[in-house]
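Student: Could you work out the structure for the sequence below:
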Amino acid sequence: MRNSCLLLCALLVMSIGVTLAAVPQQINYQGCLADTSGNPITGNRGLIFVIYSDSVGGSWLWIETHTAVQVTDGLFRVTLGGSQPLPDNLFNGRVLWLQTTVEMEPMLPRMRLVTVPYSYRAVETDHSIYADTSDYTPEANHAMYSDTSDYANEGNHAVYSDTSDYSLIGAPDNDWVISGDDIYRTTGNVGIGTSAPGCKLRVIGQVISGEYSSAQGQYCAINGGYSNLAGNTCATVGGGKYNRANGLYSVIAGGGGASAHDSNSASGEYSVISGGRSNIASVLGATVGGGRNNIASGILTTVGGGAQNTASGMVATLLGGYLNSANGGYASVGGGYINTADGGCATVGGGTYNTSTSYCATISGGSGNDADGDFGTVGGGNENSANGYASTVPGGDNNAALARYAFAAGRNARATTIGSFVWADSNTTNFYSVGHNSFCVRASGGVRFATTSSGTVGVKLDAGDTAWEVLSDSTKKTILHQANTQEILNKVAALPIAEWYYKHQSPNDKHIGPMAQDFHALFGYGDDNLSISTIDPDGIALAAIQQLIKENQELKQRIEKLEAMQR
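Tutor: Model prediction:
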């Protein structure tokens with residue numbers, strides 16, 4: 001369902017219960033859904049709620065899906081955090097934004113969260129204390145591990161050593177959780193570490209090899225490279241340099257940048273970056289295959305490669321190229337340069353400066369083309385537009401199909417009326433349709449319709465002509481016999497001739513001629529008794545004229561004889 005079909009009208013209520021005993025990790029959320037005409041919507045709708053760190057783009061911090069929310073007269077109510085608890089440290093003073101997605105299409109702009117959700121922090125402490133003596137007072141977010149008063153490790157640093165000078169001290173059978181920004185901060189292959197007798201050591205992550213790398217998530221791994229970070233549960237970095245896998249189950253296979261500022265970043269849950277440099281996969285299921293400066297910021301989006309490409313629509317796909325964007329839900333861009341697919345399910349195959357902005361609109365390639373009508377299609381060419389619903393431009397130059405179901409092709413063709421077909425030749429002036437459901441062709445070099453494979457039978461209009469010519473080559477005919485002109489004249493005399501008009505036309509649109517049934521009954525020409533070929537009446541008229549000339553000559557001779565006798 002597209003943004004143009006739904007409006008998230010208002011956020012009515014956001015509330016959270018707060019007590020000193022416990023803070024429920026849920027938020028009551030109410031809203032209103034209406035169509036673009038303002039009519040409230042009723043029925044079940046699939047809703048997805050995502051909290052971001054910025055109003056546009058930014059890091060995805062929390063997501064929850066509600067598959068069938070009951071909407072009655074536009075109103076709905078859900079409990080955020082009901083199936084996916086809101087993290088304790090989510091509302092830690094930073095600015096957050098809530099984006100609601102209806103039927104797989106994000107509602108924009110995002111809504112800033114204020115006041116109430118931040119009450120989460122009212123009864124929460126940021127202090128974790130681990131020490132063996134009273135000489136050491138912990139600071140916020142600092143875990144302290146020491147064997148004597150001479151050695152203390154403060155801050156987000158966990159120290160592991162293979163000597164007896166540094167060991168972990170704790171109460172018997174306690175479970176020590178080891179994490180921090182600089183776990184295994186050393187060079188070369190690093191072991192797990194040791195624990196003091198009676199203590200259990202639970203290592204969060206593991207660095208198999210690599211220099212200055214940090215494995216901070218539970219069951220995460222770094223397999224090599226330099227200064228890589230696996231910062232969430234089951235996150236993995238295969239190698240490379242300055243890669244950051246911060247999403248749950250996220251993966252970066254390799255690649256990286258010259259510094260931390262242009263590294264690969266997989267911060268979305270289940271996000272993947274195969275390689276390249278300065279690529280970002282920031283939301284659930286986002287994937288970047290490689291390349292440089294590519295961004296997959298929509299849920300389940302894919303960027304195959306290239307440079308400076310962005311896939312921000314839900315389940316959008318962008319295969320490669322440069323400076324392309326797939327911003328609509330389920331939109332796709334195959335490649336090329338500066339192409340945009342903004343509509344839901346819109347497609348741009350390639351080319352350059354092409355824009356597909358409407359639902360299921362398609363541009364196969366070319367340059368400077370736009371498809372602004374739902375289900376509109378541009379096959380290619382240059383500066384073509386398919387702006388009407390289900391309109392088509394197959395290619396050419398500067399053609400426009402501007403009305404519903406219109407078709408424009410050639411050069412400077414303008415299909416401006418519903419259902420019109422316009423084909424224009426190479427002339428530089430615009431050629432317009434004449435009315436709804438019209439067929440218009442500009443062919444200043446002539447027109448030819450052939451009805452056989454050899455092309456020798458049919459009709460034609462030569463350049464500048466206003467009447468059809470029948471292709472009537474004698475070598476393509478078989479003569480049966482000469483016509484009996486006397487018989488034909490007699491039949492013409494017996495043929496009913498009437499003035500008439502077609503039932504679908506106005507009585508003012510009068511015609512004259514025989515009925516097809518009478519014509520066929522008298523002459524037997526044609527394929528059936530429902531139509532009259534334009535060839536046969538011409539032949540009949542010529543045969544009748546010949547007979548009349550013959551009879552007229554005979555009468556003239558008789559008159560001359562009579563006049564001679566009277567002299």
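
Student: Mind pulling up the pLDDT for the closest residue to Gly539 other than its chain neighbours?
Tutor: Once flanking residues are discounted, Gly539 sits nearest to Ala483: 7.4 Å by Cβ to Cβ, 6 or more residues apart in numbering. To be clear about C-beta, it is placed using only N, CA and C from the backbone, and glycine gets the same treatment. pLDDT, Ala483: 92.

Student: And the one 5 residues further on, by the same measure?
Tutor: Among the per-residue scores, Ile488 holds a pLDDT of 93.

Student: That one: what's it in contact with?
Tutor: Ile488 makes contacts with Phe523, Ile540, Ala543, Ala544, Gln547, as judged by Cβ atoms under 8 Å, 6 or more residues apart in numbering.

Student: Let me have these in CSV, adding distance to Glu211 as columns.
Tutor: Formatted as CSV, the contacts of Ile488 follow (distance: Cβ to Cβ, whole Å):
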residue, distance to Glu211
Phe523, 100
Ile540, 100
Ala543, 103
Ala544, 105
Gln547, 110
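
Student: Helices - which of these land there?
Tutor: The helices, defined by DSSP state H, take in Phe523, Ile540, Ala543, Ala544, Gln547 from the contacts of Ile488.

Student: Let me know the distance separating the last one from Gln486.
Tutor: Taken as Cβ to Cβ, to the nearest Å, the spacing of Gln547 relative to Gln486 amounts to 5 Å.

Student: These two: who's more crowded?
Tutor: Set Gln547 next to Gln486 and count neighbours by other Cβ atoms under 10 Å: Gln547 wins out with 19 against 14.

Student: The top strand by length along the chain pairs with which strands?
Tutor: Taking DSSP state E as the criterion, the chain has its longest strand at strand 60-71. Paired with strand 60-71 in the same sheet, following DSSP bridges, are strand 43-52 (antiparallel).

Student: List the buried residues for the partner strand?
Tutor: Across strand 43-52, burial judged by 16 or more other Cβ atoms under 10 Å covers Arg45, Leu47, Ile48, Phe49, Val50, Ile51, Tyr52.

Student: hang on, the earlier thing: quick one: the residue nearest to Gly539 and Ala543 touch, right?
Tutor: Yes: here Ala483 reaches Ala543: they are 4.8 Å apart, a contact under Cβ atoms under 8 Å.

Student: Of those two, which one has the most company?
Tutor: Shown here are Ala483 and Ala543; by other Cβ under 10 Å, Ala543 has more neighbours (20 against 15).

Student: quick one: contacts for the more buried one?
Tutor: Ala543 makes contacts with Ala483, Thr485, Ile488, Leu489, as judged by Cβ under 8 Å, 6+ apart.

Student: change it to 7 Å
Tutor: Going by Cβ atoms under 7 Å, 6 or more residues apart in numbering, Ala543 touches Ala483, Thr485, Ile488.

Student: For the last one, identify the helix or strand it belongs to.
Tutor: When elements are assigned from DSSP states H and E, Ile488 belongs to helix 485-494.

Student: So what's the gap between that helix and the chain middle?
Tutor: Relative to its chain's centre, helix 485-494 lies at 69 Å (Cα atoms, centre = their mean, to the nearest Å).

Student: Would you give the sheet partners of the helix or strand that that helix is followed by, along with the direction of each?
Tutor: Following helix 485-494 in sequence order, the next helix or strand is strand 498-500 (DSSP H and E). Its sheet considered, strand 498-500 pairs with strand 511-513 (antiparallel) by DSSP bridges.

Student: can you list contacts of the partner strand?
Tutor: With contact meaning Cβ under 7 Å, 6+ apart, strand 511-513 is reached by Ile497, Glu499, Trp500, Tyr501.

Student: In contact with the nearest residue to the first one once chain neighbours are set aside, which residues?
Tutor: Across the structure, with Cβ to Cβ, 6+ apart as the measure, the residue nearest Ile497 apart from its sequence neighbours is Pro514 (5.8 Å). Under the criterion of Cβ under 7 Å, 6+ apart, the contact list for Pro514 reads Leu495, Pro496, Ile497.

Student: out of those residues, which is most surrounded?
Tutor: Most surrounded of the contacts of Pro514: other Cβ under 10 Å gives Leu495, at 16 neighbours.

Student: The residue nearest to Gly539 in helix, strand or coil?
Tutor: Applying DSSP: H, G, I helix; E, B strand; the rest coil to Ala483 yields a three-state assignment of coil.

Student: For my notes, confirm Lys561 occurs in a helix.
Tutor: Yes: counting by three-state DSSP, Lys561 is found in a helix.

Student: Look at it and report its pLDDT.
Tutor: On pLDDT, Lys561 comes in at 89.

Student: what about it, how many neighbours?
Tutor: Number of residues near Lys561 (other Cβ under 10 Å) recorded here: 9.

Student: Next, the contact list for it, please.
Tutor: Contacts of Lys561 by Cβ under 7 Å, 6+ apart: none found.

Student: I figured Leu471 was touching Leu461, is that so?
Tutor: No: judged on Cβ atoms under 7 Å, Leu471 makes no contact with Leu461 at a distance of 11.6 Å.

Student: ok so, going back, in JSON lines: the contacts of Ala543, plus distance to Gly290.
Tutor: Converted to JSON lines, the contacts of Ala543 look like this (distance: Cβ to Cβ, whole Å):
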{"residue": "Ala483", "distance to Gly290": "80"}
{"residue": "Thr485", "distance to Gly290": "84"}
{"residue": "Ile488", "distance to Gly290": "82"}
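
Student: At the geometric centre of the protein, which residue sits there?
Tutor: The chain has Ala331 as the residue nearest its centroid, 1.7 Å off, counting by Cα atoms, centre = their mean.

Student: Now that residue. Nearest residue, chain neighbours left out?
Tutor: Ala341 (3.9 Å).

Student: check which helix or strand covers Gly268.
Tutor: Going by DSSP H and E, Gly268 is not in any helix or strand.

Student: isn't it right next to Thr287, touching?
Tutor: No: using Cβ under 7 Å, Gly268 is not in contact with Thr287, being 9.4 Å away.

Student: if I look at these two, which residues touch both of them?
Tutor: Residues touching both Gly268 and Thr287 (Cβ under 7 Å, 6+ apart): Ala281.

Student: Those two: which has the busier surroundings?
Tutor: Comparing Gly268 with Thr287 by other Cβ under 10 Å, the one with more neighbours is Gly268, at 29 against 22.

Student: The more buried one - nearest residue in space that isn't next to it in sequence?
Tutor: Using Cβ to Cβ, 6+ apart, the closest residue to Gly268 is Val283 (4.2 Å).
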